[in-house]
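Engineer: Here's a sequence, model it:
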Amino acid sequence: MSILIRQILSDKEREEIAVIDYLMKQIIPELTMIGLLLAFGLTCFLTAKLGDKLPRDEGRDFAHDGKLSAGKPRGAGIIFVLVFVGCALVFAPISTEYVIYLLLVTVEMLTGFLDDAAEHPWGELKKVLLDLTVSIVVAAAYLWFNGNVIRIATLGVNLEIPVLLFGVLIVALVWGAINVTNCADGVDGLSGILTIITLLSFYIINLIEKQESEFSVLILLFCICILGYLWFNATPSRLMMGDAGSRAMGAFISIAALKSKSPLLFLAFALILILDGGLGLLKVSLIRVFKIHILKNIRTPLHDHVRKNMGWSNTQTVFRFAIIQIVVSVAVIYTVML
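Structural biologist: Have a look, this model is predicted:
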């Protein structure tokens, strides 16, 4: 008799669990939709209300038309990143791993904002150490929750990498993504648009490869918040994201690449960010460390070269860079689908 009662109770529990699962499957998409719309609305509203209270840019003598930014509010990244984190915690499926990533993106945003607001720019060593710390924590968190196997999506094979080597590669990925995205932020709308293209490329890969749908929600939320910022950053811009935005975007791109399980696709999906921001880093590093001069006739970042040397307007630069990145991403995605 007692066995029968336990079986009946067990059946009832299973029915209740099934009902709850069904309701959650119906409710979660609706909540996500509300979260996406709210994220865009909040970003636009808060940017409009708080934009004028942000630190003012002093202009950049080293950049093409850098003086035109003098007096504009900068550091707007603090707004769209905080909206993203808040909406993610409320409307997205959240795990301990995701909370760690959100905290690290917030740390990158805050350190960038403090630099934006500082009377004197932070030294390079300080930035390197901060980025390196964040990169190491990302590597540790990812390896703890996901292991050391990656997927070569274009070949359809998995590859196990020694843990220590994979950790070093993750640190390099995160640090590189943060810095190339930061260096590519020099034209109204450019880094924001390229970041959206990169993230949506990983979103599509997640759908194709059936990777974690929960993280895909975070990708969409982040893209929506960037779009809210771009409403005010379109040429001629009212404000700029500053390091607060660009450094946080770079960190999130690297995490999205890792969570796709195909981090090598970062090289294709962020190609223009890498070329635009990375060539300058490579050029300066070779000069400082090895006294080697390369690309003497090419101005870096590349967005300065095409505007100064080739006569492209800001709008042409954004559109043409975006077009190239879309073409590359579509070609790679098609290869993965084969």
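Engineer: the helices in the stretch 151-300 of the chain, which residues?
Structural biologist: 163-183, 190-209, 213-233, 242-259, 266-269, 271-290 (DSSP state H, counting those that start in this stretch).
Engineer: Can you tell me which of the ones you listed is most buried?
Structural biologist: helix 242-259 (a mean of 29; mean count of other Cβ atoms under 10 Å). (Glycine included, C-beta is placed from N, CA and C.)
Engineer: between that one and helix 163-183, what angle do the directions make?
Structural biologist: 140 degrees (axes from the mean of the first three to the mean of the last three Cα atoms, to 10 degrees).
Engineer: then helix 242-259 to CSV, C-alphas only?
Structural biologist: The C-alpha coordinates for helix 242-259 follow below in CSV (Å, rounded to 0.1, in the frame of the first residue of the first chain):
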residue,chain,number,x,y,z
GLY,A,242,34.6,55.9,-24.6
ASP,A,243,36.7,53.2,-23.1
ALA,A,244,33.7,52.3,-20.9
GLY,A,245,31.9,51.0,-23.9
SER,A,246,34.6,49.7,-26.2
ARG,A,247,36.5,47.7,-23.5
ALA,A,248,33.3,46.1,-22.3
MET,A,249,32.3,45.2,-25.9
GLY,A,250,35.7,43.6,-26.5
ALA,A,251,35.4,41.5,-23.3
PHE,A,252,31.9,40.3,-24.3
ILE,A,253,32.9,39.5,-27.8
SER,A,254,35.7,37.2,-26.5
ILE,A,255,33.2,35.5,-24.1
ALA,A,256,30.7,35.0,-27.0
ALA,A,257,33.5,33.5,-29.1
LEU,A,258,34.3,31.0,-26.3
LYS,A,259,30.7,30.1,-25.6
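Engineer: Which strands or helices does that helix pack on?
Structural biologist: helix 77-91, helix 96-117, helix 124-146, helix 163-183, helix 190-209, helix 213-233, helix 266-269 (3 or more Cβ pairs under 8 Å, 6 or more residues apart in numbering; DSSP states H and E).
Engineer: and stretch 234-250, how far out from the chain's middle?
Structural biologist: For stretch 234-250, the separation from the chain centroid amounts to 12 Å (computed by Cα atoms, centre = their mean, to the nearest Å).
Engineer: Show the end-to-end separation of that stretch, please.
Structural biologist: 20 Å (Cα to Cα, to the nearest Å).
Engineer: what mean pLDDT does it have?
Structural biologist: Per-residue pLDDT over stretch 234-250 has a mean of 94.
Engineer: got it, and stretch 321-329?
Structural biologist: Per-residue scores along stretch 321-329 average to 98.
Engineer: With stretch 51-70 instead?
Structural biologist: Mean predicted confidence for stretch 51-70 is 71.
Engineer: ok, now which ones touch residue 134?
Structural biologist: 104, 107-108, 174, 178, 251 (Cβ atoms under 8 Å, 6 or more residues apart in numbering).
Engineer: From residue 194, how far out is residue 319?
Structural biologist: Going from residue 319 to residue 194 by Cβ to Cβ, to the nearest Å gives 12 Å.
Engineer: again, but for residue 35
Structural biologist: 24 Å.
Engineer: Residue 149 too?
Structural biologist: Noted for residue 149: a distance of 29 Å to residue 194, by Cβ to Cβ.
Engineer: ok, now residue 331?
Structural biologist: Distance from residue 331 to residue 194, by Cβ to Cβ: 17 Å.
Engineer: just residue 245 next, same as before
Structural biologist: From residue 245 to residue 194 the distance is 13 Å (Cβ to Cβ).
Engineer: what does residue 154 give?
Structural biologist: Distance of residue 154 to residue 194, computed by Cβ to Cβ: 21 Å.
Engineer: cool, and residue 123?
Structural biologist: Applying Cβ to Cβ to residue 123 and residue 194 gives a distance of 27 Å.
Engineer: Over to residue 228?
Structural biologist: 17 Å.
Engineer: again with residue 133
Structural biologist: According to Cβ to Cβ, residue 133 and residue 194 sit 26 Å apart.
Engineer: Go ahead and confirm residue 97 touches residue 143.
Structural biologist: No: with contact defined as Cβ atoms under 8 Å, residue 97 does not count as touching residue 143 (11.1 Å).
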